[in-house]
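Participant: Below is the sequence, then the predicted model.
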There are 2 protein chains.
Amino acid sequence: MSETPQLENIPEDTGKGLSNGMDTKQKEELELAAVYVSDAQHNRNIFFETQPQAVRLYLLYNHWLLVVLLYFFIMVNLLLAVVEQPALLPVPTWASMLVELVCLSVFSGRLVHYAKVIPRDKFWKDPKNLCILVILLLTLVDMIIYGALKATDIYSVRWSRVLRPLLLVNFTEGRQLRRAFRSIRNALPQILSVFLLFIFSILIFSLMALKLFGKRGLKTNSGKPYFTNFLEIVFDLYVLVTTANSPDIMMPAYNASSFFAVFFVIFILINTYIFMSVFLAVVYNNYKKYLKEEVRQLVRTKRHKMVRAFAILQERREGLEEPVVSHAFWNQLVRLVQADLSHAHRELLWSVADQHNQGYIGKLAFVQLADLLNIQVIAVKSRPHPLQRWSPSLYLSTPSRWLCRAVQHRVFVMVYDLIILVNAVFIGLDEEDPLVRNSEWFFLALYLLEILLKLYAMEPRAFYSRHNFWNWFDTIIIVSALVATIINTAMTSVGGYSSRQILDIVFTLRVLRLIRVVDSIKRFRVIINTLIKIGPTMLTFAQLIIVVYYIFAMVGMELFQGRIQFFDSDSPGKLSCGNPALQDSSFAQLNYCKNNFNNVVSSFILLVELTVVNQCGFTAVTHPSARLFFILFHIIVVIIIINIFVAFVLEAFFVEYTLEKSVLHTSLEKRIQELGVAQDDLGPSNLVDAMETTDNNLRTGKPQTRLMFKISSTRYRTVDSLLQRMFEADLDPEDFGGEDDPEESSNFNFSNPVFSSI
Amino acid sequence: MSETPQLENIPEDTGKGLSNGMDTKQKEELELAAVYVSDAQHNRNIFFETQPQAVRLYLLYNHWLLVVLLYFFIMVNLLLAVVEQPALLPVPTWASMLVELVCLSVFSGRLVHYAKVIPRDKFWKDPKNLCILVILLLTLVDMIIYGALKATDIYSVRWSRVLRPLLLVNFTEGRQLRRAFRSIRNALPQILSVFLLFIFSILIFSLMALKLFGKRGLKTNSGKPYFTNFLEIVFDLYVLVTTANSPDIMMPAYNASSFFAVFFVIFILINTYIFMSVFLAVVYNNYKKYLKEEVRQLVRTKRHKMVRAFAILQERREGLEEPVVSHAFWNQLVRLVQADLSHAHRELLWSVADQHNQGYIGKLAFVQLADLLNIQVIAVKSRPHPLQRWSPSLYLSTPSRWLCRAVQHRVFVMVYDLIILVNAVFIGLDEEDPLVRNSEWFFLALYLLEILLKLYAMEPRAFYSRHNFWNWFDTIIIVSALVATIINTAMTSVGGYSSRQILDIVFTLRVLRLIRVVDSIKRFRVIINTLIKIGPTMLTFAQLIIVVYYIFAMVGMELFQGRIQFFDSDSPGKLSCGNPALQDSSFAQLNYCKNNFNNVVSSFILLVELTVVNQCGFTAVTHPSARLFFILFHIIVVIIIINIFVAFVLEAFFVEYTLEKSVLHTSLEKRIQELGVAQDDLGPSNLVDAMETTDNNLRTGKPQTRLMFKISSTRYRTVDSLLQRMFEADLDPEDFGGEDDPEESSNFNFSNPVFSSI
């Protein structure tokens, strides 16, 4: 513990002095190395040219602003479906086409930029780029055809809209998404085997149903003949697997004889339970297998890149066999890679890499840098409360101290939990009662008081540090509720009526406030933390689902547009959803008319419903072959994607339950402990996030601003690090990816066949 | 390969000579050792007394006839529900009570038998026995009360029927079932955490729904106010998680405004997808964890028993430090343990144990015996076709040989697959058509011809050996179809009408015939084999489900009996299911009246429906609190048991995908190869199952009856060996279960606290 001052004693400008003395060549080399490290850290897999000009272009290509811009235009492009025919908000065709042209030019620009960054032959070999090019061209052709036909008033279809979500997949930034698609594609052969067997089973059961029930003259509830058409039976039994038409489909047979229930029970056992479990098993197993392989590849390419960076920075020292990298170069490099890292934090990382305090590190230690940078270390420092600085005597007086202790006491939390519960009861009571309505002000005041008290007891910057999710949550919810309630009261007292929309917001905020209780119960916190941890990766699945939904929505809109109409009032069309084929059908009777493909929003909601329960009543309005659309949707979304999602959640929870910290993680933690700068988790303290302050504070040397470190073990900076952690146990730290292996050396170019193809 | 005769040269009567010279004491000891080995082999965990008398009583206790008898009476006891009030087949009360008394006395007898086998203090310490005793007493008390009240015509309830399935759990034979229950019990705390969080989430959403939708004056499709009562909302949203009332529950809000769909989409995402996956993860993880622990315990107790057997048979030899068991004793022992093992098979096992041909084995090799006996080795021997013996010149003539080759050719299989497909089409066609009706004879003849041809080409005993599942399947199906078709035709031509029941059987058999196609497609065979392999263990889940269903059926019958009536004809009650509360309800309109608790069979079918979709329309006929019954059922069956089932299937498939053969398995296989008695899998041959023949054949020494061995890798003799295989990788073969550990030595008595408690 006596070593503590070590960090602060290291002169801050070792790096700077060096950089002044460097020539341009060295600077450029350092920049190149920094790009390699940054690519390794973020698992970027782009083979860029290494001329200084190209490197700068490449840095621009990776600039967050350009990436955000790209995503923005992809979003705009996708959202065009809202204003295009069949539109939710109709705009003139020329307007939407103009916006689409802007999007297309942005995409082309991005593609041209990419082409300039990487060597020409690599560009043309990569199917991603070809795919984008083809999509852009097809879209352009489609727009021209559509515009021409529109001008001559001929009905035409914007078929290229189906291709739009593929842009999301194929632009270089959609790595995770591409990986998920590859996982699916690789698992397909095995899934297909099970699927064929499953279909065979359904066909056999259908044939048996036809022979057993077809000739008995049974009628369904709507009076139609029961189980007489083979294809109808196959479809009905397929839907039974999804449990959507259970027990309706069984009732006629069951009413005829109890024995027939055996047929359906066996069917459900085999197809719904056993086959669906086997699907999950196959999807899960393949998903794990291929993902592991991909992550292995990922780690190897990452190490490759680090080895390249090392090769640039390395120097030979007398007495050492292996080349090394000096502290000064390393420091310069880390500054370039991550400018927001505090000096002390950088020194901490160095002390982990340079275990023996030699002033240089070898290849093995250097390669770890990318992973080290991905471990989220929170640097905090102790800092007095602003009130203390303003009036120390008052803030440090006995009543003030007593108040601070009281606020940080367990009972304070319990009292507020109780208040929340009482509030829940009041929320549930009738709003008309003036007592209940006015109680809201009381509760709001209590919550505000809580926040103010906490702010009094804690340093405000510590209270609102990046990692205190619940403090942010509380403040935002309470302040919004306050504002909304005031607006609502003002409107009521002025106009005499309250806006329904504002009331909705007020109510929602009020209920959301109750969620806070979860945080104070420990057994819930573990589950919530795991869920928050896997949250970012779930976004990959969200993208996956959006891509599939979008394609199905576009196709569905062309196929089923306008077949079913929703009438708000009691118009005569209401009982048939505006389609004579649905007159007196249960679809219309159950008021399902709004489940239609008439615009992109209702299409998406309908697809969500189809995901939950394969409810496909409205195949009645078109040809029976439209059922294929629904079966295909079920296979892709429910059997494949949902199962992969479940597999992912299972795997993430198992990792949480079983996996220990990585070696690197542990050694960093040990180092922090050794240096005596560990910040233990005991209660809230006056520590603020050091990242937000400049390094200059450090040099003032005041004792109360000493830096402390804490490893945030609950978050992963990137999705890749979560995945890597999942399969970490199987990876050899010494494996630099077959440098000596001639077979593998083609991989060394990062062209990496596995990662570039989709 | 020249070593082959080795097996046949070993004198057969080494064991017999020895047994003649043995005194009674030695014989008794050998018997005791055999009981230990047999217990180890079958994973029985009973601490019996070791006096010769008690051992014989214990052998009787384990006799298969008594075990079958016990299961028969448990079944009879459970099936009494069919004839008791509310009865499917009413019989006088005295008759059913008489049968129940017989059952009770059988159970008491079994319990007394068990009490005599094990020491008194062990008997009273085991909660299983106390549980059975209490159940028997309670049942008796209930019967007396019921009989007395019945005699005085007072309505009473046979409440003790709920206890009946617990007998299935608590009798010593229900090991697997008990283990499953223990797994569930151990996983409960963790499941509870997630469940509470899940309920909290539903409550929050319900409160939000109440505030958002309650005051809008929306109406459900049946005209009732929408989302105005908090408890109703909670129930509706709980049912929405099971997807049973999707999208009905959403439609009123969605029709009012598309924005409200967001509420339901978020609800489904969080509760249906994320929470249900987390449930699976938690159940799966705990199931695996505890099962692993239990299997570890199981293996240790098994080794204990083998060590005990070893201690009885061991002898000291000069020049050896460790005691050993001689070949002669070992031989005697195996004979006693498994009398149906052929001499050659026994010698094979010995040669695996005694790797260095020393004539004795140490403890480590001896302990493996239980596992060795559990590896299913198929001993087959070459044997000429009966026709060849009858007329060699004819059978071995060129046309006959050509025929045999043709039948065994790939094309023959393909031709018959084609025939099956054509047959499938004919089955699908209309039966009224005389061409189609007569084609049936043609196909039957073709199938018969196939079986006869195969019998001509192959040795009949080889064709019908135990492991040729599909040959047995074919023959049974074809012969049954033939008989049923003949009866049907006879009845039609005599009486002019065909019986519907017989036609059903004919149709079913015809369709089942088509399943055979699966066997000839290789990619299907892997999946089917895995399913067949885990089949026996699925029976454990079947028992588990039956226990839970039975209890819910008994309670349900008491609660809901007669509330809903089913009318076959168009009686006036049909539209209300005989209950005014259901008049014009969608329950009655959808013709669900037969879904009731009026007898045990319809209760079970209803419970299956509830498992698939939580359809609980008929809570309308009783108090709303009856919904608790359905929620409880859903939690226990769907959230817990189905998830454990899925976890089991997943685990079994992963084991299939990843696990290699066990060490013992491999060494046995290697030994078979070394001895040159391996039977390779190439095509059907004239090998018959040697198990069915006596050992005498072996001594005739004819070259054509040479024994061959094959390890049947696809089946497990016992559920335990499958489980053991699942977790094999984690078990240390040298771990004899802490003999030296004083803490563990209490376990050495097999009283084994983990295994005896439920």
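Facilitator: Looks like it came in fine. Numbers count the residues shown, from 1 in each chain, chains lettered A, B, ... in the order given.

Participant: Now the stretch 401-550 of chain A against chain B: closest residue?
Facilitator: The stretch 401-550 of chain A approaches chain B most closely through A:F507 (3.6 Å), counting by C-beta to the nearest C-beta. C-betas here are computed from N, CA, C, even on glycine.

Participant: Is that residue in contact with B:K211, as I believe?
Facilitator: Yes - contact status for A:F507 versus B:K211: in contact at 3.6 Å, counting by C-beta atoms under 8 Å.

Participant: okay, and the common contacts of these two?
Facilitator: Here A:F507 and B:K211 have A:I427 as joint contacts, going by C-beta atoms under 8 Å, 6 or more residues apart in numbering or on different chains.

Participant: gap between the residue in the stretch 1-150 of chain A positioned nearest to chain B and A:Y254?
Facilitator: Residue nearest to chain B within the stretch 1-150 of chain A (C-beta to the nearest C-beta): A:L88, separated by 8.8 Å. Computed as C-beta to C-beta, to the nearest Å, the A:L88 to A:Y254 distance reads 44 Å.

Participant: just for the stretch 1-150 of chain A, where's the confidence low?
Facilitator: Within the stretch 1-150 of chain A, the ranges that satisfy pLDDT under 70 run A:1-22.

Participant: which stretches of it form helices?
Facilitator: A:6-9, A:14-21, A:24-41, A:52-61, A:64-83, A:93-117, A:120-125, A:127-151 (DSSP state H, counting those that start in this stretch).

Participant: Could you identify which of those helices is most buried?
Facilitator: Mean neighbour count (mean count of other C-beta atoms under 10 Å in any protein chain shown) peaks for helix A:24-41 among the helices of the stretch 1-150 of chain A, with a mean of 20.

Participant: Apart from its neighbours in sequence, what residue is nearest A:I640?
Facilitator: Excluding its sequence neighbours, the residue lying closest to A:I640 (C-beta to C-beta, 6 or more residues apart in numbering or on different chains) is A:I184, at 6.0 Å.

Participant: does the one you found really touch A:I644, like I thought?
Facilitator: Yes - the pair A:I184 / A:I644 is scored as a contact, 6.8 Å apart, by C-beta under 8 Å.

Participant: Following the chain onward from the helix or strand hosting the residue nearest to A:I640, which element is next?
Facilitator: Taking DSSP states H and E as the definition, one finds A:I184 inside helix A:175-213. Per DSSP H and E, the first helix or strand lying C-terminal to helix A:175-213 is helix A:230-241.

Participant: Could you check the pLDDT of A:P733?
Facilitator: Note on A:P733: pLDDT of 56.

Participant: residues in contact with A:S667?
Facilitator: Counted by C-beta under 8 Å, 6+ apart, A:S667 has contacts A:352, A:355.

Participant: Let me see the contact set for the closest residue in space to A:L70 that isn't next to it in sequence.
Facilitator: Sequence neighbours aside, A:R110 is the residue nearest to A:L70 in space, at 5.6 Å (criterion: C-beta to C-beta, 6+ apart). Residues in contact with A:R110 (C-beta under 8 Å, 6+ apart) are A:66, A:70, A:171.

Participant: Rebuild those as a markdown table, extending it with distance to A:N529.
Facilitator: Shown next, in a markdown table, are those (distance: C-beta to C-beta, whole Å):
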| residue | distance to A:N529 |
| --- | --- |
| A:L66 | 34 |
| A:L70 | 32 |
| A:F171 | 32 |
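
Participant: Name the nearest residue to the residue of the stretch 1-150 of chain A closest to chain B, sequence neighbours excluded.
Facilitator: Among residues not flanking A:L88 along the chain, A:N599 sits closest, at 4.3 Å (C-beta to C-beta, 6+ apart).

Participant: that older thread, what about the helix holding A:I184, average pLDDT?
Facilitator: Mean pLDDT, helix A:175-213: 87.

Participant: and if you look at stretch A:668-679?
Facilitator: Taken as a whole, stretch A:668-679 has an average pLDDT of 67.

Participant: Distance of the residue nearest to A:I640 relative to A:V282?
Facilitator: Separation of A:I184 from A:V282 (C-beta to C-beta): 12 Å.

Participant: can you pull the contacts of the residue nearest to A:L88?
Facilitator: A:82, A:86-88, A:557.

Participant: Can I get the buried ones among those residues as something I can paste into PyMOL?
Facilitator: With 16 or more other C-beta atoms under 10 Å in any protein chain shown as the burial test, the buried ones among these are selected in PyMOL as follows:
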select buried, chain A and resi 86+87+557
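
Participant: Which residue ranges make up each domain of chain A?
Facilitator: Per the record, chain A has its domains at A:47-171, A:378-520+A:670-717, A:531-658, by automatic domain parsing.

Participant: What ranges does the stretch 201-350 of chain A have for its strands?
Facilitator: A:325-326 (DSSP state E, counting those that start in this stretch).

Participant: Close to chain B: what parts of it are there?
Facilitator: A:204, A:207-208, A:210-212, A:215, A:221, A:230, A:243, A:246-248, A:250-252, A:254-255, A:258, A:261, A:265, A:268, A:272-274, A:277-278, A:280-282, A:284-285 (C-beta under 8 Å from any C-beta of the partner chain).
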